[in-house]
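Participant: Need a 3D model of the following:
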Amino acid sequence: MLLKIFNVFLTLVYYNTFSLVFRSLEEKCMPVSSLEKPAHTESDRLLWRFLNASQPQQIKRELEYLLEKEVQPLLRAQLWKRMRGGTGDTDRDVEDLVCDAQAAVLEKLYALHARECLPIRSLRGYVRQVAQNSWHRLLRDRYPRRAALSDRVLYLIGKGIGFARWEGAEGETLAGFEAWAREGKNALVSRPLSLLTQSPLQAWEAAAPMYGSDTRQLPEIMAALFNWLGHPIEIDLLINSLAVILHVQDAPAASLDDEQQSLFQPADSVSTEREAESRLFLQSVWREMGSLSLAERMALLLNLRDTEGRGIIALFPITGIAALTDIAALLEMPPAKLAALWEKLPLDDNSIAQMQGVTRQFVINRRKEAHRKLARKICFAE
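Facilitator: The predicted structure is shown next:
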């Protein structure tokens with residue numbers, strides 16, 4: 001039975017890191033303006049409604065609607081086109097990074113509502129920037145060669161040899177000739193661009209004659225592509241295409257499921273020695289629980305279950321590692337309250353969210369972060 005604890009971490013430990021600050025929604029908030037200019041787009045109008053919500057339930061409702069209608073679709077679209085650009089990432093990897101990026105957006109939205117940060121120019125522009133930053137962090141962690149190529153491209157663009165990068169009409173980061181930047185030229189949807197993103201090598205065969213098909217100098221390749229396109233391109237799409245053209249490849253990245261299995265996959269056979277190891281593992285989990293935030297502890301413990309959905313928080317008192325009163329203290333709730341909840345455990349995410357006055361997605365993100373932290377601490381300790 002002790003081995004069931006491994007299944008929880010096997011299925012739920014995630015790769016990426018993110019930080020999300022828990023803020024109470026019970027405080028009264030005055031109507032605020034956290035946009036630099038009036039809300040003219042649908043996304044900014046939805047943001048305006050959230051910023052001016054004053055009651056906890058209204059705040060929650062407006063936030064969930066904003067996330068569903070604007071933030072999540074835009075993050076998914078931005079990260080999908082970056083991560084499926086020849087990196088070998090799976091659909092699961094994309095969705096996990098979307099969730100992490102959304103956590104960063106949530107933190108900003110809470111800060112805007114509480115008037116704890118400077119205003120933003122537009123919601124969509126900010127979300128695009130978060131997606132780009134999330135992608136760049138992943139790039140450096142998992143694809144060092146492609147990250148090195150990205151550094152080279154950015155260096156050439158800033159070197160003053162005729163290239164530039166600037167912000168497009170939708171808040172995206174564009175790359176192209178300096179003359180285009182001075183004109184404020186925007187990206188276009190064109191046949192050359194479609195060919196470049198779908199088949200970079202074929203696109204290069206069309207563009208290469210401008211500088212000779214045998215050239216492999218990065219400045220010449222970039223100039224040839226810009227001339228062939230005839231308009232700017234989002235910088236991440238440019239880097240993805242250049243990686244294929246220049247045959248820049250990193251070792252295949254393990255999927256998140258593979259990483260989880262390598263961290264916490266138990267042996268098939270159960271032995272006395274294995275049971276002892278499992279108990280030590282469970283003790284390590286409990287010991288490290290104190291390093292988590294309250295929101296993370298609640299999201300994890302109140303939902304703790306095995307792969308079949310059965311609650312396993314009782315393993316702690318059964319094995320003598322922690323009594324119910326110890327668990328209640330860790331959750332910062334009266335023992336009587338936890339005892340009343342005990343038969344209902346594990347709770348679903350909506351119930352935990354209602355207890356904390358936060359969104360369901362907040363709870364999901366906190367639990368993911370808790371698993372990531374525990375996995376790292378326990379693995380390093382071993």
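
Participant: Where does the prediction get shaky in the stretch 101-250 of the chain?
Facilitator: Within the stretch 101-250 of the chain, the stretches with pLDDT under 70 are 210-216.

Participant: just so I have it, where are all the strands in the stretch 101-250 of the chain?
Facilitator: Remark: strands assigned in the stretch 101-250 of the chain by DSSP state E, counting those that start in this stretch are 163-167, 173-177, 233-234.

Participant: Out of the ones you listed, which is closest to Lys373?
Facilitator: With C-beta to C-beta as the measure, strand 173-177 is the member of the strands of the stretch 101-250 of the chain nearest Lys373 (31.4 Å). Glycine gets a C-beta too; all of them are placed from N, C-alpha and C.

Participant: Show me what the closest one is packed against.
Facilitator: Secondary-structure packing of strand 173-177 (3 or more C-beta pairs under 8 Å, 6 or more residues apart in numbering; DSSP states H and E): strand 163-167, strand 233-234, helix 235-245.

Participant: Could you dump the ones you listed into CSV with distance to Ser199 and mean neighbour count added?
Facilitator: Formatted as CSV, the helices and strands packed on strand 173-177 follow (distance: least, C-beta to C-beta, whole Å; neighbours: other C-beta atoms under 10 Å):
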stretch, distance to Ser199, mean neighbour count
strand 163-167, 24, 18
strand 233-234, 15, 23
helix 235-245, 9, 22
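
Participant: Please convert the ones you listed to CSV, extending it with distance to Met355.
Facilitator: Output for the helices and strands packed on strand 173-177, formatted as CSV (distance: least, C-beta to C-beta, whole Å):
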stretch, distance to Met355
strand 163-167, 42
strand 233-234, 42
helix 235-245, 40
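
Participant: For Ala111, which of the ones you listed is the nearest?
Facilitator: Per C-beta to C-beta, nearest to Ala111 of the helices and strands packed on strand 173-177: strand 163-167, 22.0 Å.

Participant: List the neighbouring strands of that closest one plus their orientation.
Facilitator: strand 173-177 (antiparallel) (DSSP bridges).

Participant: Contacts for the strand it pairs with next, please.
Facilitator: For strand 173-177, the surrounding residues in contact (C-beta atoms under 8 Å, 6 or more residues apart in numbering) are 132, 153, 157, 162-168, 181, 185-187, 226, 231-236, 238.

Participant: cool, stretch 60-68 as well?
Facilitator: So stretch 60-68 is in contact with 25, 46-47, 49-50, 53, 102, 106, 109, 357-359, 361, going by C-beta under 8 Å, 6+ apart.

Participant: Name the residues of it that come out as buried.
Facilitator: Lys60, Glu62, Leu63, Leu66, Leu67 (16 or more other C-beta atoms under 10 Å).

Participant: Just the closest of the residues you listed to Pro346, please.
Facilitator: Nearest member of those to Pro346, counting by C-beta to C-beta, is Lys60, at 22.3 Å.

Participant: mind checking pLDDT for that closest one?
Facilitator: On the pLDDT scale, Lys60 is placed at 87.

Participant: in the stretch 201-350 of the chain, which spans are helices?
Facilitator: 218-229, 235-245, 256-264, 272-289, 294-301, 315-318, 324-330, 335-342, 349-356 (DSSP state H, counting those that start in this stretch).

Participant: Compare these and report which one is nearest to His113.
Facilitator: Taking those one by one with C-beta to C-beta, helix 349-356 is closest: 16.5 Å.

Participant: list the helices and strands the closest one packs on?
Facilitator: helix 294-301, helix 360-381.

Participant: Same question for the last one: list its buried residues.
Facilitator: Neighbour-count burial for helix 360-381, with 16+ other C-beta under 10 Å as criterion, is recorded at 360-375, 377-378.

Participant: now swap in the first one and tell me
Facilitator: By neighbour count, with 16+ other C-beta under 10 Å as the criterion, the buried positions of helix 294-301 are Ala295, Glu296, Arg297, Met298, Ala299, Leu300, Leu301.

Participant: just to revisit the earlier point, out of the helices of the stretch 201-350 of the chain, nearest to Leu74?
Facilitator: helix 235-245 (14.6 Å).

Participant: that older thread, can you tell me which of the contacts of stretch 60-68 is nearest Leu193?
Facilitator: Gln102 (27.6 Å).

Participant: mind listing what that closest one touches?
Facilitator: Here Gln102 is in contact with Leu67, Val71, Gln72, Leu75, Gln361, Asn365 (C-beta under 8 Å, 6+ apart).

Participant: Apply 10 Å and report the result again.
Facilitator: Applying C-beta atoms under 10 Å, 6 or more residues apart in numbering, we find Gln102 in contact with 18, 20, 67, 71-72, 75-76, 109, 127, 130-131, 134, 361-362, 364-365.

Participant: Go through those and flag which are in helices.
Facilitator: Gln72, Leu75, Arg76, Leu109, Val127, Val130, Ala131, Ser134, Gln361, Phe362, Ile364, Asn365 (DSSP state H).

Participant: Around the first one, how many other residues sit close by?
Facilitator: So that's Gln72. Gln72 has 18 neighbouring residues, counting by other C-beta atoms under 10 Å.

Participant: go on, the fifth one?
Facilitator: Val127 sits with 25 neighbouring residues when counted by other C-beta under 10 Å.
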